[in-house]
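K.L.:
sequence and computational prediction follow.
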Amino acid sequence: MVGHGRLERCLAAGVTGIALAITSVLFTVPALAFGPAAEQAVLLQAIETLPKQLKPFYKEHRLEIPSLSPEATPPERGSERRFAIDRLLPFPFADLPRSDAEMKKRFGEKAPEVGRLPWLIHESYGRLVEAFKGRDKAKILEESDTLAGLVAEIHNPLALGDNADGQKTGQHGLWLRISDKLPEAMERKLDLNPGPAVYLDDPRDYVFSMLNATYVWLDNVLYVEELAKRGKGGYTEAYYDDLMRRAGPLLRERLSSAAEDVGSYWYTAWTAAGRPEVK
């Protein structure tokens with residue numbers, strides 16, 4: 001990342017083109033997601049939400065789910081796994097297109113810039129239905145993992161805003177601190193409490209319910225993180241202790257809701273496939 005000193009020198013020199021380029025780099029949001037601690041907690045709790053017909057399959061094969069494997073390594077993830085929709089529309093996003101094609105038709109070149117998270121969920125859900133129909137254990141577990149990561153991400157308020165890394169509010173590095181470092185620090189204190197998985201009547205449209213229910217927390221995340229930083233010289237143990245106290249309840253709520261929704265998507269995909277026997 002370009003240092004602030006270099007940016008100031010460029011501005012002072014009046015090198016407008018370079019300054020704009022540097023500003024663009026500074027404001028680029030990292031292609032990150034929830035860290036392993038958060039995603040693994042969501043996966044394990046999602047299994048517990050399942051009905052008795054489906055839970056044994058996931059429990060028996062949980063270590064074969066890529067993200068829960070003992071050899072698991074965090075995959076590379078692109079910027080399409082976010083959806084900074086507030087660049088294009090105001091909350092509550094009443095006129096948001098319901099498909100990738102409609103999005104591109106309405107917003108043209110701007111559409112890919114905000115990410116593709118809702119459409120990635122649609123696509124992954126469809127693949128999971130097909131995997132269940134084929135009773136392909138490996139594909140079921142792999143796609144269940146992919147879908148879980150995407151559903152978890154749409155429960156992350158930072159994934160849905162243009163200020164995802166705090167770059168607009170002087171909170172640079174916010175994404176890493178909230179999405180990775182905080183869940184890691186709270187790993188044994190997350191205490192997720194999801195409700196039971198339910199059948200989703202319209203799994204495609206449900207994506208947008210999750211989006212709105214998550215976006216309302218964005219300002220809260222920015223505010224409590226700023227409070228945790230006040231009076232501290234850096235991102236020290238004291239900072240994370242304060243952040244856990246202030247943001248911990250919000251993180252638990254978001255991850256619990258994610259686990260419930262992941263279980264619901266798995267259950268709905270299995271039902272849509274005809275409830276095949278899986279072993």
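P.N.:
Received the coordinates, thanks.

K.L.:
which residue, other than its chain neighbours, is closest to residue 122?
P.N.:
Closest residue to residue 122 apart from its sequence neighbours, by CB to CB, 6 or more residues apart in numbering: residue 204 at 5.5 Å. In this view, the C-beta of every residue, glycine as well, is placed from N, C-alpha and C.

K.L.:
tell me which residues of the helix or strand hosting that neighbour are tucked away?
P.N.:
In the assignment (DSSP states H and E), residue 204 maps to helix 203-215. Neighbour-count burial for helix 203-215 flags 203, 206, 207, 208, 210, 211, 214, 215 (criterion: 16 or more other CB atoms under 10 Å).

K.L.:
which residues sit against that helix?
P.N.:
Contacts to helix 203-215, defined as CB atoms under 8 Å, 6 or more residues apart in numbering, come from residues 83, 85-86, 91-93, 96, 98, 118, 121-122, 125, 151, 154-157, 159-161, 200, 254, 257, 261, 265, 268-269, 272.

K.L.:
all helices of the stretch 1-150 of the chain, in order?
P.N.:
Ranges of helices in the stretch 1-150 of the chain, per DSSP state H, counting those that start in this stretch, are 4-13, 16-26, 36-49, 55-60, 100-107, 110-113, 117-133, 137-153.

K.L.:
against which helices or strands is the fourth one packed?
P.N.:
The criterion is 3 or more CB pairs under 8 Å, 6 or more residues apart in numbering; DSSP states H and E, and the helices and strands that helix 55-60 contacts are helix 36-49.

K.L.:
okay, the helix it packs on in CSV with CA atoms only?
P.N.:
Output of helix 36-49 as CSV, limited to C-alpha atoms (Å, rounded to 0.1, in the frame of the first residue of the first chain):
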residue,chain,number,x,y,z
PRO,A,36,-11.2,-19.3,9.1
ALA,A,37,-12.3,-18.9,12.7
ALA,A,38,-15.6,-17.3,11.7
GLU,A,39,-16.3,-19.6,8.7
GLN,A,40,-15.5,-22.8,10.6
ALA,A,41,-17.8,-21.7,13.5
VAL,A,42,-20.6,-21.1,11.0
LEU,A,43,-20.1,-24.4,9.3
LEU,A,44,-20.1,-26.4,12.5
GLN,A,45,-23.2,-24.7,13.8
ALA,A,46,-25.0,-24.9,10.4
ILE,A,47,-24.7,-28.7,10.7
GLU,A,48,-26.4,-28.6,14.1
THR,A,49,-29.4,-26.7,12.6
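
K.L.:
returning to what we had before: drop anything exposed from the contacts of helix 203-215.
P.N.:
Counted by 16+ other CB under 10 Å, the contacts of helix 203-215 give 83, 85-86, 93, 96, 118, 121-122, 125, 151, 154-157, 159-161, 200, 254, 257, 261, 265, 268-269, 272 as buried.

K.L.:
closest to residue 237 out of the buried residues of helix 203-215?
P.N.:
The nearest member of the buried residues of helix 203-215 to residue 237, counting by CB to CB, is residue 214 at 28.8 Å.

K.L.:
state the distance from that closest one to residue 253.
P.N.:
10 Å (CB to CB, to the nearest Å).

K.L.:
specify the local secondary structure of the residue nearest to residue 177 when sequence neighbours are not counted.
P.N.:
Nearest residue to residue 177, sequence neighbours excluded (CB to CB, 6+ apart): residue 235, at 6.6 Å. Judged by DSSP: H, G, I helix; E, B strand; the rest coil, the three-state class of residue 235 is coil.
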